[in-house]
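Asks: sequence below, structure please.
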Amino acid sequence: MVRAVSEFGSEVARLLSERGMSLRQAARLAHYDVSYLSKVVNGHRPGSPELAAVLDEVLAAGGALTSIAAGGLNPDDVGRLGWVMRNPRRVDAAAVESLAAVLAAQRRAEDTLGSAVVLPAVAAQLGAVEELVTEARGNVRPAVLTVSGEWAQYAGWLNVSTGHPAAAAALYDKALGWAVEGGIVSLISEVVSQKGQMAYLAGRPGPVIGLSQAARRDPAAYPGQHAISAAQEARGHAMTGDAHATERCLDEAQMKAAEARSRQDEAPPWLYYHSPGFFDMQRGLAYKFLAADPHYRHLAARSLQTGYASLPDDQRSSEWAATFLCHLAAVHAQGGDVAQACTVALDGAVIARQLGSQSLTAQLSRLRAGMARRWPGEQAIAELAEALR
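Replies: From the prediction side, this is the model:
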């Protein structure tokens with residue numbers, strides 16, 4: 001924490017000097033007390049996310065201060081980002097590699113901090129990245145399109161995770177346009193697949209199936225892309241009750257995931273979370289829609305539990321992984337095991353509280369409400385309600 005405080009204050013001081021702005025001027029523009037801002041700059045007070053967001057605007061920092069406050073960027077990342085944003089016409093291959101490193105840091109930050117904390121910085125940085133797309137030409141343009149498309153795709157995902165589907169759809173369209181221009185086959189596949197995920201969240205199995213199939217249409221895409229889209233198509237079929245098609249797609253997902261593991265050096269950076277455990281959880285999520293059948297309910301619970309348990313420690317405490325705990329709890333509840341459902345849901349509630357995740361809390365709250373209607377007066381459900389406050 002001391003190091004983060006120092007880094008934040010040092011970067012504010014650097015930006016003030018670079019902009020030729022006094023501390024008093026910055027405090028006035030930010031509507032903050034100058035003495036408080038002085039303590040922040042001198043490392044005696046932490047920079048809050050709210051202050052960071054305001055100062056990002058006042059100092060035109062491109063979201064760098066928000067990222068430091070969230071723990072997403074280190075000083076080297078900040079330096080890279082700042083130089084690229086200040087020199088959009090001088091971007092070369094090395095600068096694009098620096099941007100890719102910054103984006104990788106943001107993805108790591110999300111796993112430990114949650115999507116809501118990371119989103120403001122990524123959104124602010126995307127605005128500056130768009131200028132790079134406008135300015136880039138010649139041999140460097142394909143690389144700029146690649147990193148910019150990845151940035152827009154990631155921002156779209158963060159908006160999905162935080163419950164902003166309209167913003168996510170617009171960002172996915174932007175990412176898809178850049179990916180098509182650049183001929184970035186795996187990114188095209190990823191964005192189309194994520195549009196399918198939005199259809200899943202909206203409860204529309206037809207587009208889930210169709211978009212997942214479209215995402216697998218180009219054989220040149222990395223096999224891990226085909227794997228996740230096949231697993232998603234399986235989920236779409238399971239939503240319609242078609243167990244045979246579900247099993248067929250899950251088998252294809254398993255085969256493609258194994259092929260991807262043999263070609264890991266080719267993996268695109270946004271698939272860093274793919275692992276055997278992740279695909280076990282995908283299998284369990286598909287089976288969850290068939291769980292009225294005790295056989296599939298057992299398979300769903302086993303796949304979700306073993307998949308989650310096999311994730312690395314840092315991923316198990318992430319927001320996205322904790323959503324699978326919600327699904328596991330729901331499977332236990334469907335089978336009538338209220339005690340186990342509440343035990344699993346409480347684990348999810350701990351992560352939701354640690355990350356301040358409204359989306360995860362909302363998902364758990366809906367589960368709790370359903371169990372409370374089914375088992376009124378159950379003590380374990382009351383304890384879950386208390387944990388979600």
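Asks: how is this structure partitioned into domains?
Replies: In the assignment given by automatic domain parsing, the structural domains of the chain cover 184-304, 312-389.
Asks: Leu23: which of those domains is closest?
Replies: domain 312-389 (29.9 Å; Cβ to Cβ). Every C-beta, even on glycine, is put in place using the N, C-alpha and C of the backbone.
Asks: shaky segments in this structure?
Replies: 1-6, 62-63, 67, 70-82, 85, 88-89 (pLDDT under 70).
Asks: that older thread, CSV for the domains of the chain, including distance to Thr146 and mean neighbour count?
Replies: Listed next are these as CSV, based on distance: least, Cβ to Cβ, whole Å; neighbours: other Cβ atoms under 10 Å:
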stretch, distance to Thr146, mean neighbour count
domain 184-304, 5, 20
domain 312-389, 23, 19
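Asks: how about those in CSV, adding distance to Glu135?
Replies: Shown next, in CSV, are the domains of the chain (distance: least, Cβ to Cβ, whole Å):
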stretch, distance to Glu135
domain 184-304, 19
domain 312-389, 34
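Asks: so which of the ones you listed gets nearest Asp111?
Replies: Per Cβ to Cβ, nearest to Asp111 of the domains of the chain: domain 312-389, 4.2 Å.
Asks: that closest one: end-to-end distance?
Replies: 28 Å (Cα to Cα, to the nearest Å).
Asks: roughly how far out does that domain sit from the chain middle?
Replies: Chain-centre distance of domain 312-389: 20 Å, with Cα atoms, centre = their mean, to the nearest Å.
Asks: what's the answer for stretch 249-267, then?
Replies: Worked out by Cα atoms, centre = their mean, stretch 249-267 lies 21 Å from the chain centre.
Asks: same check on stretch 139-153?
Replies: 19 Å.
Asks: buried sites along it?
Replies: For stretch 139-153, the neighbour count (16 or more other Cβ atoms under 10 Å) marks 140-141, 143-153 as buried.
Asks: what two of those are the furthest from one another?
Replies: Maximum distance among the buried residues of stretch 139-153 (Cβ to Cβ): 20.0 Å, for Val140 and Gln153.
Asks: tell me where the stretch 151-300 of the chain has helices.
Replies: In the stretch 151-300 of the chain, the helices defined using DSSP state H, counting those that start in this stretch lie at 165-182, 185-201, 205-215, 223-239, 243-261, 276-288, 294-309.
Asks: quick one: Arg45 and Met281, what's the gap?
Replies: 41 Å (Cβ to Cβ, to the nearest Å).
Asks: over to Cys326?
Replies: In terms of Cβ to Cβ, Cys326 sits 12 Å off from Met281.
Asks: same check on Gly348?
Replies: 13 Å.
Asks: shared neighbours, those two?
Replies: With contacts defined as Cβ atoms under 8 Å, 6 or more residues apart in numbering, no residue is shared by Gly348 and Met281.
Asks: hmm, back to that, okay if I get the helices of the stretch 151-300 of the chain as JSON lines plus distance to Glu131?
Replies: What follows is those, written out as JSON lines (distance: least, Cβ to Cβ, whole Å):
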{"stretch": "helix 165-182", "distance to Glu131": "13"}
{"stretch": "helix 185-201", "distance to Glu131": "20"}
{"stretch": "helix 205-215", "distance to Glu131": "29"}
{"stretch": "helix 223-239", "distance to Glu131": "29"}
{"stretch": "helix 243-261", "distance to Glu131": "34"}
{"stretch": "helix 276-288", "distance to Glu131": "35"}
{"stretch": "helix 294-309", "distance to Glu131": "41"}
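Asks: between the ones you listed, which one is nearest to Ala104?
Replies: Closest of those to Ala104 is helix 185-201, at 15.2 Å (criterion: Cβ to Cβ).
Asks: quick one: work out the angle between that closest one and helix 165-182.
Replies: In terms of direction (axes from the mean of the first three to the mean of the last three Cα atoms, to 10 degrees), helix 185-201 departs from helix 165-182 by 160 degrees.
Asks: helix 185-201 vs helix 205-215, what angle?
Replies: 170 degrees.
Asks: what's around Ala155, how many residues?
Replies: Using other Cβ atoms under 10 Å, the number of residues around Ala155 comes to 26.
Asks: and for Asp33?
Replies: If we define neighbours as other Cβ under 10 Å, then Asp33 has 10 of them.
Asks: distance of the nearest residue to Ser38 once chain neighbours are set aside relative to Lys256?
Replies: Distance criterion Cβ to Cβ, 6 or more residues apart in numbering; nearest residue to Ser38, sequence neighbours excluded, is Leu23 at 6.0 Å. Distance, Leu23 to Lys256, by Cβ to Cβ: 56 Å.
Asks: try Val185
Replies: Distance from Val185 to Lys256, counting by Cβ to Cβ: 15 Å.
Asks: could you do Leu271 as well?
Replies: 12 Å.
Asks: who touches both of those two?
Replies: Gly224.
Asks: what's stretch 285-293 in contact with?
Replies: Residues contacting stretch 285-293 (Cβ under 8 Å, 6+ apart): 231, 234-235, 237-239, 241, 243, 246, 249-250, 296-297, 299-300, 303-304, 324, 327, 330-331, 334-335.
Asks: now do stretch 300-310
Replies: Taking Cβ under 8 Å, 6+ apart as the rule, stretch 300-310 contacts 275-285, 287-288, 290-291, 316, 321, 324-325, 327-328, 331-332, 335.
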